[in-house]
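Asks: sequence first, predicted model second:
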Amino acid sequence: MTDLSQPTLPGSLPDKRQVAASFSRAAASYDSVAALQRAVGVGLLDRLPEDLAPLRWLDLGSGTGHFSRVLAERFTAASGVAVDIAEGMLRHAREQGGAQHHVAGDAERLPLRDASIDLLFSSLAVQWCGQFASVLGEARRVLRPGGVMAFSSLCVGTLDELRASWQAVDGMVHVNRFRQFEDYQRLCGESGLQLLGLERRAHVLHYADVRSLTHELKALGAHNLNPGRPSGLTGRARMQGLLQAYEQFRQPEGLPATYQVVYGVLRKPMAEEQ
């Protein structure tokens, strides 16, 4: 099974099988280059309700299991389930501990019973889901009354420097697409879950050169997976054009890469409407 849905519109998001394969290949290198992922996950943890004391948590899109281990340390009386699309990531996570169960599963068809989870935690995973409304629907199903869903994701504006630089070179699709922040607002509002918080924050990383950025994206498994991406190797002339185009964005700290991060926290009502 997988934890990513097919795109809402044909060609709008990567095929989930390609995403699964890409992240599986990146399992060994992921943690060494995951500074943004760590920072965002910590930010998401900081947004959890202070009185939250789950008996069972779900780490959805658990990756190498870093935050499964953090959740296990934070909620020592709880048991945990780690779900991810990528078998390679799950194998890596099992060796590290944290969750009691590691399951390959689909966020639109979670392999969990109704009302069986008190906390659904998902950091930087649902941006790959084409049907976020279905993800929210599954969260509402598996959460117990009063349970919390906390997610972080990426929205339009992410890697705009890289996108604009490639546009200046050949106009082709080289950067992953993400949904609008307004879509998150609308879908969360329609989910039947109580919205405790939803915000967009820019995280900017800096790199000495473009190759450092593109190598990091590949090591994360998050390089270009979009339909319509160029096939084959990038030619020397196009790469040189990219390097020159990106230089216009250089800052004293280096070349910026901006990530527009969405943080959302929702709660399942204590009494569901009939």
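Replies: Arrived safely. Only a predicted model underlies this, so the values are computations on that prediction, with no experimental measurement involved.
Asks: which stretches of the stretch 1-150 of the chain have low pLDDT?
Replies: 1-33 (pLDDT under 70).
Asks: okay, strands next: where are they in it?
Replies: Ranges of strands in the stretch 1-150 of the chain, per DSSP state E, counting those that start in this stretch, are 56-60, 79-84, 101-104, 117-123, 143-154.
Asks: relative to Leu217, how far out is Ala257?
Replies: 9 Å (CB to CB, to the nearest Å). Where C-beta positions appear, they are placed from N, C-alpha and C, glycine not excepted.
Asks: in terms of neighbours, single out the busier of these two.
Replies: Between Ala257 and Leu217, Ala257 has the larger neighbour count (other CB atoms under 10 Å), namely 23 against 18.
Asks: element containing the more buried one, please.
Replies: If you go by DSSP states H and E, Ala257 is part of strand 255-267.
Asks: wait, which of the strands of the stretch 1-150 of the chain is closest to Leu242?
Replies: Taking CB to CB, strand 143-154 is the member of the strands of the stretch 1-150 of the chain nearest to Leu242, at 21.3 Å.
Asks: export that closest one to PDB, keeping only CA atoms.
Replies: Output of strand 143-154 as PDB, limited to C-alpha atoms (Å, rounded to 0.1, in the frame of the first residue of the first chain):
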ATOM      1  CA  LEU A 143      -9.200  10.000  15.400                       C
ATOM      2  CA  ARG A 144     -11.100   9.400  18.600                       C
ATOM      3  CA  PRO A 145     -13.500  12.200  19.700                       C
ATOM      4  CA  GLY A 146     -11.300  15.000  20.900                       C
ATOM      5  CA  GLY A 147      -8.300  13.700  19.000                       C
ATOM      6  CA  VAL A 148      -5.900  16.000  17.200                       C
ATOM      7  CA  MET A 149      -4.400  16.100  13.700                       C
ATOM      8  CA  ALA A 150      -1.300  18.200  13.400                       C
ATOM      9  CA  PHE A 151       0.300  18.600   9.900                       C
ATOM     10  CA  SER A 152       2.900  20.600   8.100                       C
ATOM     11  CA  SER A 153       3.100  20.800   4.400                       C
ATOM     12  CA  LEU A 154       4.400  23.000   1.500                       C
END
